[in-house]
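**Q** Pasting the sequence and the predicted coordinates here, then a few questions.
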Amino acid sequence: MSLIARLESQLKEAMTARDAERRDALRLILASLRSAEKELQRPLHDDEELQVLQRERKRRHEAAEAFRAADREEQAAKEEAELEVLEEFMPTPLSEDELEEIIDDAIAEVGATSIRDLGRVMADVMPQVSGRTDGSVVSQLVREKLA
């Protein structure tokens, strides 16, 4: 079952349960996915769907922070509720141990010895962890291991 089909079935369930908050969040996610499909003029591949979800997750997170900074707690809570719904459709995040193992393997494979090899290690690691870990966290760990 494709992601869009899963979202549509969840939307129907939310509508029958009269869960307005969840319904609205699912509609926003679906709209983003359909917009990306329309832009590309073809159905999205799994990795493209994941990119759209990551972009939406980042938007919700940044919006919640901005609302908090402006003392608009109600809107921040709404953004975080949408983020929770969005997280249900994201792949399971990697644990720190799993991430370190992937980074160690990449460092050994690339033969990295100094911080100058950061780009090559990141190029090897990022496709493996895409959507399951934030890139800044990966970059920080790689820098620590190469330093």
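**A** That came through, no problem.

**Q** can you name the farthest residue from the center of this structure?
**A** The outermost residue of the chain relative to its centre, with distances by C-alpha atoms, centre = their mean, is T113 at 30.2 Å.

**Q** show me where pLDDT drops low in the chain?
**A** For the chain, the stretches with pLDDT under 70 are 1.

**Q** ok so, going back, for the closest residue to the residue farthest from the centre of the chain other than its chain neighbours, give me its contacts.
**A** Excluding its sequence neighbours, the residue lying closest to T113 (C-beta to C-beta, 6 or more residues apart in numbering) is L146, at 7.8 Å. Every C-beta, even on glycine, is put in place using the N, C-alpha and C of the backbone. Shown here is L146, whose contacts under the criterion C-beta atoms under 8 Å, 6 or more residues apart in numbering are 107, 112-115, 117-118, 121.

**Q** hmm, back to that, in three-state terms, label the residue farthest from the centre of the chain for me.
**A** coil (DSSP: H, G, I helix; E, B strand; the rest coil).

**Q** mind checking how far it is from A106?
**A** With the distance defined as C-beta to C-beta, to the nearest Å, T113 ends up 13 Å from A106.

**Q** Skipping its backbone neighbours, what lies nearest the most centrally placed residue in the chain in space?
**A** Note on the chain: the residue nearest the mean C-alpha position is Q54, at 3.1 Å, using C-alpha atoms, centre = their mean. Beyond its immediate neighbours in the sequence, the residue positioned closest to Q54 (C-beta to C-beta, 6+ apart) is G131, lying 5.8 Å away.
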